[in-house]
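1. Just a sequence and a predicted model for now, questions to come.
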Amino acid sequence: SQTIHQWPATLVQPVGSPLSLECTVEGTSNPNLYWYRQAAGRGLQLLFYSVGIGQISSEVPQNLSASRPQDRQFILSSKKLLLSDSGFYLCAWSVGTGNQPQHFGDGTRLSIL
Amino acid sequence: GEDVEQSLFLSVREGDSSVINCTYTDSSSTYLYWYKQEPGAGLQLLTYIFSNMDMKQDQRLTVLLNKKDKHLSLRIADTQTGDSAIYFCAEILYNQGGKLIFGQGTELSVKP
């Protein structure tokens, strides 16, 4: 069966420091991969998605970047964190082209001080 | 543009039925999904319905779809305290590579 892992679960970082959040999927090949941010309210904002190695689409301009160095690995990065980067970051995967559900990891709670 | 709307809060008593409503805008959506989020956790896929169906039942969960009105509902029978969570409705944009548009989530509070 397929599983998705995100780490770390919780992270506290100072303003201006770099960031690297990692997400890996097991049990499937060539998944579509997604990064979402859930701010203090509820709404889920899609940040990046990837349909293959090295293929990254950005949904919103921001201080973050994403990379997919391997088929089942998705990394969310920043060179210099801002206070507004605080939030709950969720990674998700799906398969196929367009009508399959997304399956979510347990998320990373990022607090910027 | 695409939009999914839900009411923000619902409070029910244990044992009652809960009905969570959702409206969406993209008539080309092929699937509509319900996700559950417990505090501090990720989203768990609860159930989904294909757009050519009117109803889908899965144990205590019943999904109703009114495609004409673009209205989706999730009914939870015999609601338990463990059902307390935020429930998200989502539509899939088939023509945009499977991008999901989420509603803001309905916080279900179950009182004993």
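-> Now that the structure is in, tell me what you want to look at. Numbering: from 1, shown residues only, chains lettered A, B, ... in the order given.

2. May I ask which helix or strand encompasses the nearest residue to residue A:108 once chain neighbours are set aside?
-> Nearest residue to residue A:108 in three dimensions, chain neighbours excluded: residue A:89, at 4.7 Å (CB to CB, 6 or more residues apart in numbering or on different chains). Glycine gets a C-beta too; all of them are placed from N, C-alpha and C. Applying DSSP states H and E as the criterion places residue A:89 in strand A:87-94.

3. in chain A, which spans are strands?
-> When assigned using DSSP state E, the strands of chain A occupy the ranges A:3-7, A:10-13, A:19-26, A:32-38, A:44-52, A:55-58, A:65-70, A:73-78, A:87-94, A:103-104, A:108-112.

4. Just list whatever residues bridge to residue A:70.
-> residue A:73 (DSSP bridges).

5. To clarify, my last question referred to residue A:46.
-> residue A:36.

6. residues from chain A in reach of chain B?
-> Residues of chain A lying near chain B by CB under 8 Å from any CB of the partner chain: A:6, A:32, A:41-44, A:46, A:49, A:51, A:90, A:92, A:94, A:96-107, A:109.

7. 7 Å - rerun?
-> Residues of chain A lying near chain B by CB under 7 Å from any CB of the partner chain: A:32, A:42-44, A:46, A:51, A:90, A:94, A:97-107.

8. contacting residues around the residue nearest to the spatial centre of chain A?
-> What sits nearest the mean C-alpha location of chain A, by CA atoms, centre = their mean, is residue A:35, with 3.0 Å. By CB atoms under 7 Å, 6 or more residues apart in numbering or on different chains, the residues touching residue A:35 are A:47-48, A:66, A:74, A:76, A:89, A:91.

9. which residues does residue 5 form a beta bridge with?
-> As the question left the chain open, I've gone with chain A. Bridge pairing for residue A:5 - DSSP bridges - gives residue A:24.

10. ah, I was thinking of chain B
-> Bridge pairing for residue B:5 (DSSP bridges) gives the partners residue B:23.

11. what does residue B:74 give?
-> residue B:20, residue B:63.
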